[in-house]
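Enquirer: for reference, the sequence and a predicted model appear below.
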Amino acid sequence: MNMDLHAAAVRQVRPETGPRPADVTVDETAGESGAAASQGWAYLNALADAILVIDREYAIRFANLAAENLLGASRKAICRRTLAHYFPEDSPVFSLLQQAQAAGSTVADSDAALDSRQRTIPHVAVQASPVGDGAGSIVLSFREQSIVHQI
């Protein structure tokens, strides 16, 4: 994934200056950087990994198509909620977010047991990566590991 495009996309939708990513359309992102942002979101939607962009208050600012499957809701509905709506407070997701915020670098758990409010996934790789956008945004990625563990 081209992180420059991702960073450009996040800058385009900073909560204090623009629309939420789920509400961004090609028309709203007109211009060179807007086109890059739109293309960046398309790249994230093509991934099989669930991707969420979280702000410093844990509000969800972006969810890709795989995140819809993980959380059992539409992107529009997901982006109206905080992470606490989908995961209990003792979830390893919150621990990883706090570690990433404190360290200012990527942290990961390659074999987390993830209980969302929708379902339990016994083997998930979760990664939390600070965006560096000045707004405290963090990218969360989730990759189900069930097939790997069955082999």
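Expert: Noted; the coordinates are in hand.
Enquirer: tell me, what residue is most central in this protein?
Expert: L52 (1.3 Å; C-alpha atoms, centre = their mean).
Enquirer: which residue, other than its chain neighbours, is closest to V139?
Expert: S129 (4.7 Å; C-beta to C-beta, 6 or more residues apart in numbering). C-beta coordinates here come from the backbone N, C-alpha and C atoms, glycine included.
Enquirer: ok, the one helix or strand the one you found maps to: who's next to it in the sheet?
Expert: When elements are assigned from DSSP states H and E, S129 belongs to strand 120-130. The pairing partners recorded for strand 120-130 under DSSP bridges are strand 107-115 (antiparallel), strand 138-144 (antiparallel).
Enquirer: which of those sits closest to F62?
Expert: Closest to F62 of those, according to C-beta to C-beta: strand 138-144, at 8.6 Å.
Enquirer: for the closest one, give me every contacting residue.
Expert: Under the contact criterion C-beta atoms under 8 Å, 6 or more residues apart in numbering, strand 138-144 has outside partners 6, 48-54, 66-67, 70, 93, 96-97, 100-101, 114, 121, 123-131.
Enquirer: give me the buried subset of those.
Expert: With neighbours counted using 16 or more other C-beta atoms under 10 Å, the contacts of strand 138-144 contain these buried positions: 6, 49-54, 66-67, 70, 93, 96-97, 100, 114, 121, 123-131.
Enquirer: quick one on the thing from earlier: not counting sequence-adjacent ones, nearest residue to the residue nearest to the centre of the chain?
Expert: Closest residue to L52 apart from its sequence neighbours, by C-beta to C-beta, 6+ apart: L140 at 4.5 Å.
Enquirer: number of residues surrounding that neighbour?
Expert: Residues lying near L140 (other C-beta atoms under 10 Å) number 22.
Enquirer: equivalent analysis for the one 4 residues further on, please.
Expert: Applying other C-beta under 10 Å, we find 19 residues neighbouring E144.
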